[in-house]
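# what would the 3D arrangement of this be:
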Amino acid sequence: MEKFPARRVPASRWLFAAVGVLLVFGLTGCVGPWGDRRRHEASSVVQFLYPGNDLPFIQPQVPTLRLPLRVGVAFLPAGFSGPGYQRSRTGFNEKQKTELMRKVAAQFKALPFVQSIEIIPATYLRPGGGFQNLDQLRALLGIDVVALISYDQTQNSDSTEASLAYWTIVGAYVIEGQRNSTHTLMEAVVYDIPSRSLLFRAPGTSTIKNHATLVRNDYELQKASLGSLQEAAMEMTANLAHELELFQVRAKEEPQTIHVEHKPGYTGGGNWSAGAAGLLLMMLAGRLIASRR
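Residues are numbered from 1 along each chain as shown. Below you'll find the predicted structure:
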């Protein structure tokens, strides 16, 4: 039987064949790294305080604030991703969370009726710990009020009709354009632990939209995730200063909603109107210095 020598297929043909296969997968909307993706990560105050549906709702009481206050600041543990979503890989590490908690703590340190601020480590909180966990923190750290920081971030990444304009060939790669959107809600809720009462809340939001090539899409998503968290955190801390001022006014004008007492031996910092005036002067001074710079 006569044997024919094998013909060597040129490398250029392999290249075009590979490109053709990738084009077919991309145009048919193949599920996977070429398809649409959704990412979600959240640390929910509701899930932390009320982790089980069978648990009874705790009726809050009228809070009694005993001055000077000891305040704790904690970042709730994340973990919820939700059905149909991938787990988000945010760039918000423990160091950055601690820096944010210090900024929140600085808002309370400016108040004359706050005695101390405790930055609560993440290991002191357990998922779904509820008010029982807060009672433990109160006994361990001696805090009266706690500020719980949470966030909810959703990222969507999808191929757009305009993505065909981004098709290019780099070696053996076909690069598809992706349209990304990142939405973040960050919130600080302040609770009086003994009464289970929500004193006030301060939210911050951010939305970032961009386009990226498929090869760099994961990098751009992570970059947008961190940037959106930082924007939401800045807005939240600004709103926190405003809410603190409103809280002092409400405590003065609506004594039936908040009782204020002095601890034995404490005589200063209990004048809510003076505290509000002091905070307002500090804010005005900060704005004046910033404008001069």
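# tell me the buried residues in the helix or strand where residue 227 lies?
Per DSSP states H and E: residue 227 is located in helix 217-253. Buried residues in helix 217-253, counted by 16 or more other CB atoms under 10 Å: 217, 220-225, 227-233, 235-237, 239-241, 243-245, 247-248, 250-251. C-beta: built from backbone N, CA, C; applies to glycine.
# whatever helix or strand residue 154 lives in pairs with which strands?
Assigned by DSSP H and E, residue 154 falls within strand 145-159. Note on strand 145-159: by DSSP bridges, its sheet partners are strand 37-43 (antiparallel), strand 69-75 (parallel), strand 177-192 (antiparallel).
# ramachandran angles for residue 63?
phi -70, psi 140 (degrees, to the nearest 10).
# quick one: pLDDT of it?
The score at residue 63 is 92. That number is its pLDDT.
# count the residues that sit near it.
By the measure other CB atoms under 10 Å, the count of residues near residue 63 is 21.
# that one and residue 253, how far apart?
16 Å (CB to CB, to the nearest Å).
# swap in residue 220?
49 Å.
# quick check: residue 95 is in a strand.
No: using DSSP: H, G, I helix; E, B strand; the rest coil, the assignment for residue 95 is helix, not a strand.
# the helix or strand that contains residue 199 - what's its average pLDDT?
Secondary structure assignment for residue 199, by DSSP H and E: strand 197-213. For strand 197-213, mean pLDDT rounds to 87.
# swap in stretch 72-91?
Mean predicted lDDT for stretch 72-91 stands at 68.
# sec struct for residue 128, please.
coil.
# so it sits right up against residue 46, yeah?
No: between residue 128 and residue 46 there is no contact under CB atoms under 8 Å: 10.6 Å.
# neighbour count: the two, which is higher?
Neighbour count, other CB under 10 Å: between residue 128 and residue 46, residue 128 has more, with 17 against 9.
# which residue is the nearest non-sequential neighbour of the more buried one?
Sequence neighbours aside, residue 51 is the residue nearest to residue 128 in space, at 3.0 Å (criterion: CB to CB, 6 or more residues apart in numbering).
# what about that neighbour, neighbour count?
Counted with other CB under 10 Å, residue 51 comes out at 14.
# ok, it - contacts?
Residues in contact with residue 51, defined by CB atoms under 8 Å, 6 or more residues apart in numbering, are 127-130.
# filter those residues to the buried ones?
Judged by 16+ other CB under 10 Å, buried ones among the contacts of residue 51: 128-130.
# correct me, but residue 122 touches residue 97?
Yes: using CB under 8 Å, residue 122 is in contact with residue 97, at 7.5 Å.
# tell me, what's touching these two both at once?
In contact with both residue 122 and residue 97: residue 75, using CB under 8 Å, 6+ apart.
# with neighbour numbers in mind, choose between those two.
Between residue 122 and residue 97, counted using other CB under 10 Å, the more crowded position is residue 97 (19 against 15).
# ok, the more buried one to residue 267 distance?
From residue 97 to residue 267 the distance is 37 Å (CB to CB).
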